[in-house]
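> need a 3D model of the following:
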Amino acid sequence: MPNFTLLRSARITRTHKIATAVLAGAAATTGLALTASPSDADTSAAPATVQPVSANGQPTTPKDKAEDAKKKAAAEHTAQQAANRSTERKPMAAPKTAPKAAPKAAPKAAPKAAPKPAPKTYANNLDGWIRQSLDIMKAKGIPGSYEGLHRNIIRESGGDPNAVNDWDINAINGVPSKGLLQVIQPTFDTYHVTGTPNKLTDPIANITAAANYAADRYGSIDNVDSAY
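Model (predicted):
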C-alpha cells in the first residue's frame, strides 16, 4: 500500500471542526424558525399607536380635548355668523346722479322794432295844404274830398291864405272873414280841429275848421257851392 502524505492546507484541524459544528447548529436553528413562521404571514411590524399631545408637548387629557372642542365650536359659530351677515347684507345702491340739465337755449334776441315811417311831408302850397288837411280830416272822421276843398277855396279866396273880406256884413260887424275858406273868428273858435295851429289864417287850421263846420251844417264841404 502506497504511503500518502497530506498537504498542510488539506488537513482538518480541530479549530475547523469546531467552526463547522457551530455553523451547522446555526443553520438548524434558522430552519426551525422558518418552519414555525407561516410562509404567507406579514413579517412587517404593526405600526405603533400615536398618542395625541397638547401644545406643551404633553399627552392630551380629557380637559384638553374639551377645550379644543369648545374652540372648534366657537370658530365654526363665528364663521357661520360671518356667512349669515354676508348673505343678509343688501347690496348698496349706486349713488343716484342728478340728471344733467338741458343746455339753456340762448336768449332770443328781441325782435327789432319796425322802423318808424318817416313823417309825411307836404309841399308848402295850395296842393300840399289841401292834401295835409285831408289826412287830418280822415283821422278825425271829418268828411270831404280834394275836389270839394279845392273848388270852395278858389271861389272864396283864390288860394290866398291871407285873404280878408272887409266889405260884407261880417266885416261891418267887426268880424271879417279870413283865410282860404273865409272863416270868421267865432266859427273858427267853435270848430277848430285839435292838433292844428290855433291861428285863423293858418292854411291847415283854416281848411280843417271850415270843413268841420260844413260837415256839421251841410253834411260835407262837398255839398257847399256858394257862400256858406
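> and stretch 212-228, average pLDDT?
Here stretch 212-228 scores 95 as its mean pLDDT.
> ditto for stretch 140-150
pLDDT averaged over stretch 140-150 gives 98.
> and Lys140, backbone torsions?
For Lys140, the backbone dihedrals (degrees, to the nearest 10) come out as phi -90, psi 0.
> any idea how many residues pack against it?
Each residue near Lys140 was counted by other C-beta atoms under 10 Å, and the total is 15. Every residue, glycine included, has its C-beta placed from N, CA and C.
> wait, it sits on His192?
No: counting by C-beta atoms under 8 Å, Lys140 sits too far from His192 to count as a contact (11.4 Å).
> now the terminal residues of stretch 107-122, how far apart.
End-to-end distance for stretch 107-122: 43 Å, by C-alpha to C-alpha, to the nearest Å.
> list the buried ones in that stretch?
For stretch 107-122, a neighbour-count test (16 or more other C-beta atoms under 10 Å) marks nothing as buried.
> ok, now stretch 145-154?
148-149, 152-153.
> just stretch 210-226 next, same as before
For stretch 210-226, by 16+ other C-beta under 10 Å, it's 210-215, 221-222, 224.
> now these as CSV including secondary structure and distance to Ala102?
Output for those, formatted as CSV (DSSP: H, G, I helix; E, B strand; the rest coil; distance: C-beta to C-beta, whole Å):
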residue, secondary structure, distance to Ala102
Ala210, helix, 68
Ala211, helix, 63
Asn212, helix, 62
Tyr213, helix, 68
Ala214, helix, 68
Ala215, helix, 63
Ile221, helix, 66
Asp222, helix, 66
Val224, coil, 72
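> for Ala215, what are its contacts?
Counting by C-beta atoms under 8 Å, 6 or more residues apart in numbering, Ala215 touches 142-144, 221.
> which among these end up buried?
142-144, 221.
> return the subset of these lying in helices.
Among the buried ones among the contacts of Ala215, no member falls in helices (DSSP state H).
> buried residues in the biggest helix by length in the chain?
Ranked by residue count, the top helix of the chain under DSSP H comes out as helix 62-88. For helix 62-88, burial by neighbour count (16+ other C-beta under 10 Å) applies to Asp64.
> packing partners of it?
The helices and strands touching helix 62-88, judged by 3 or more C-beta pairs under 8 Å, 6 or more residues apart in numbering; DSSP states H and E, number zero.
> about what we covered before: from the buried residues of stretch 210-226, which single one is nearest Gln132?
Gln132 has its nearest neighbour among the buried residues of stretch 210-226 in Ala211, at 12.4 Å by C-beta to C-beta.
> does the closest one really touch Ile221, like I thought?
Yes: here Ala211 reaches Ile221: they are 4.5 Å apart, a contact under C-beta under 8 Å.
> list residues touching both of these two?
Common contacts of Ala211 and Ile221, defined by C-beta under 8 Å, 6+ apart, comprise 143-144, 149.
> mind listing the helices for the protein?
Under DSSP H, the chain gives helices at 14-36, 62-88, 126-140, 146-156, 169-172, 185-191, 203-218.
> any chance of these in JSON lines, plus distance to Pro111?
As requested, the helices of the chain are exported to JSON lines (distance: least, C-beta to C-beta, whole Å):
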{"stretch": "helix 14-36", "distance to Pro111": "130"}
{"stretch": "helix 62-88", "distance to Pro111": "66"}
{"stretch": "helix 126-140", "distance to Pro111": "28"}
{"stretch": "helix 146-156", "distance to Pro111": "38"}
{"stretch": "helix 169-172", "distance to Pro111": "57"}
{"stretch": "helix 185-191", "distance to Pro111": "43"}
{"stretch": "helix 203-218", "distance to Pro111": "36"}
